[in-house]
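[1] sequence first, then the predicted structure:
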Amino acid sequence: MTLSREQVVRLDKAHVWHPYTAMDVYVREVDPFVIDRAQGPYLFDMDGRRYIDANASWWLASLGHNHPRLVAALQRQAEQLCHCSLAGTTHPQAAQLAAELVAIAPPGLTRVFFSDDGSTAVEVAIKMAVQYFGQRKGGQGKRRFVALEGAFHGETVGASSLGGVEVFRRPFASVLFDCVRVPSPADDACFGSAFEAIKELLRTDHDEIAAVVVEPIVQGAAGMQIYDSGYLRELRGLCDQHDVLLIADEVFTGYGRTGRMWACEHAGITPDIVCVGKGFSGGMLPMAATLATDRLFEGFFGGRSRALLYGHSYCGNPLGAAVAREVLAVMRDEDVVGQVQGKAKRIASAFAAMGAMPHVSRPRALGMVAALDLSLPISSAASRDFVETASDLSSHGYLGDAGWKVYDAARRRGAYLRPLGETIYICPPLTIPDDCLDELLAIVRASIEEVVQSIGS
């Protein structure tokens, strides 16, 4: 049975509960994208219209949509083994994927724990850290965590506890664990004081702190805030000095997004734990991993009572593992990270030029990530289906609707460009062709110009 667009929307609005969505407004007002298929950097709706996917569908489709090699890998694996548990069993895809991950990971990360998505990869890291110190100190070990202001580490209760985007935390505050928040180094004017704050905290409270958790170099949901790699280098030294684990959440930043395979490479460091997701399976299947050092791994030796007491039904799923292996193969064979360098220059140049436009500030770019902020008069708060904001709602401009006006203007021009509050950003597939990238950058500029002119007139 082939449904019409109208039938799909009717069923959707009658039954589907969308993420981060004011559903009353959605049902009443929103005309959704109805995506029928996707290929490369493009989404195609049921009317046959093509849109450039400017955010790689929530930062996942790093190699573009429906990459033929990933599709073929999925088909091959589906014919042989779709799933078996990883509890007391193994299979070739999980074993080979773990070895291939270790081979490209920052040196010293030797152990791989598989899970379902970025949130669960972070949840694994939290439990590893707590159990590691609890077992090492007779059950009375370190239990506190430190994270940056504006941090976003996922949606589960543990990952949400680490988050510094207050609007995401507030509804669940009564069930979240305590997390020490320190200033973000992303504000250049406060970089020195941000480092001094974490330095002093670890000096005084290291006996209680199990780990510092960071998004290395780029804080995504906070509005693509970029900070200097020197902070990570100094933080690595502080954690070593005070026997605190350093956890790098590379769910967004890993796999070439910042112009290196890992954002940690910009600082030349190896964290104790690295969390991997999003581009890990190229947007094909829910699949994630948490990488750890031998030092951490050996802390769980000593019999069954000391085993890591955590697992997922789909842990090491053969389909996901096969696709994740093919992602790594494509990245090697097509020199994907090497190609990013040239594209990154085009992106940075275009966003720098947009920074000279009226009501535009703080253009910033790193690798295949670029963003700028709008500063326009706040009109009546626009009711929108998707809530995306930073920790300070008023300064981030979430109550204004300029970001969504740019979204609408870009949609008319053929791009799917979701804002983060009043931050306009792109993080397209790493493999986006140059002509498509130039078209996207032109759409971003034209859409911003349209909105600025309409408000200024």
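    Looks like it came in fine.
[2] C-alpha coordinates for the longest helix along the chain, CSV please?
    Ranked by number of residues, the top helix in the chain under DSSP state H is helix 434-456. Extracted in CSV, the C-alpha atoms of helix 434-456 (Å, rounded to 0.1, in the frame of the first residue of the first chain):
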residue,chain,number,x,y,z
ASP,A,434,32.1,20.9,-3.4
ASP,A,435,29.4,22.2,-5.7
CYS,A,436,26.7,21.1,-3.2
LEU,A,437,28.6,22.6,-0.4
ASP,A,438,28.9,25.9,-2.3
GLU,A,439,25.1,25.8,-2.9
LEU,A,440,24.5,25.2,0.8
LEU,A,441,26.7,28.1,1.8
ALA,A,442,24.9,30.3,-0.7
ILE,A,443,21.6,29.3,0.7
VAL,A,444,22.7,30.0,4.3
ARG,A,445,23.8,33.5,3.3
ALA,A,446,20.7,34.3,1.3
SER,A,447,18.4,33.0,4.0
ILE,A,448,20.1,35.1,6.7
GLU,A,449,20.0,38.2,4.4
GLU,A,450,16.3,37.7,3.8
VAL,A,451,15.5,37.5,7.5
VAL,A,452,17.8,40.5,8.4
GLN,A,453,16.2,42.6,5.7
SER,A,454,12.6,41.7,6.6
ILE,A,455,13.1,42.6,10.2
GLY,A,456,15.0,45.7,9.4
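[3] avg pLDDT for that helix?
    Averaging pLDDT along helix 434-456 yields 94.
[4] identify each buried residue in it, please.
    Buried residues in helix 434-456, counted by 16 or more other C-beta atoms under 10 Å: 436-437, 439-441, 443-452, 455. Placement of C-beta: from N, CA and C, glycine included.
[5] greatest separation within those: which pair is it?
    Farthest-apart pair in these is Cys436 and Ile455; separation 29.1 Å (C-beta to C-beta).
[6] can you give me the helices for the stretch 201-350 of the chain?
    With DSSP state H, counting those that start in this stretch as the criterion, the stretch 201-350 of the chain has helices at 229-242, 294-298, 318-333, 336-354.
[7] adding mean neighbour count, mean pLDDT and distance to Gln135, write those out as CSV.
    Output for the helices of the stretch 201-350 of the chain, formatted as CSV (neighbours: other C-beta atoms under 10 Å; pLDDT from 0 to 100; distance: least, C-beta to C-beta, whole Å):
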stretch, mean neighbour count, mean pLDDT, distance to Gln135
helix 229-242, 17, 97, 19
helix 294-298, 14, 97, 11
helix 318-333, 22, 98, 29
helix 336-354, 17, 96, 38
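[8] for the stretch 101-250 of the chain, what spans make up the strands?
    Here the stretch 101-250 of the chain has its strands, by DSSP state E, counting those that start in this stretch, at 109-115, 144-148, 179-182, 209-214, 218-219, 225-226, 245-249.
[9] quick check: mean pLDDT across the first one?
    Right, strand 109-115. The model assigns strand 109-115 a mean pLDDT of 98.
[10] for it, packing partners?
    Strand 109-115 sits against helix 92-104, helix 118-136, strand 288-293, helix 294-298, with contacts defined as 3 or more C-beta pairs under 8 Å, 6 or more residues apart in numbering; DSSP states H and E.
[11] which one of those is the most hemmed in?
    Most buried of the helices and strands packed on strand 109-115 by mean neighbour count (mean count of other C-beta atoms under 10 Å) is strand 288-293; its value is a mean of 25.
[12] can you give me the offset of that strand from its chain's centre?
    Chain-centre distance of strand 288-293: 16 Å, with C-alpha atoms, centre = their mean, to the nearest Å.
[13] what's next to that strand, contact-wise?
    101-102, 105, 108-118, 120-122, 124-125, 128, 251, 270, 272-277, 280 (C-beta atoms under 8 Å, 6 or more residues apart in numbering).
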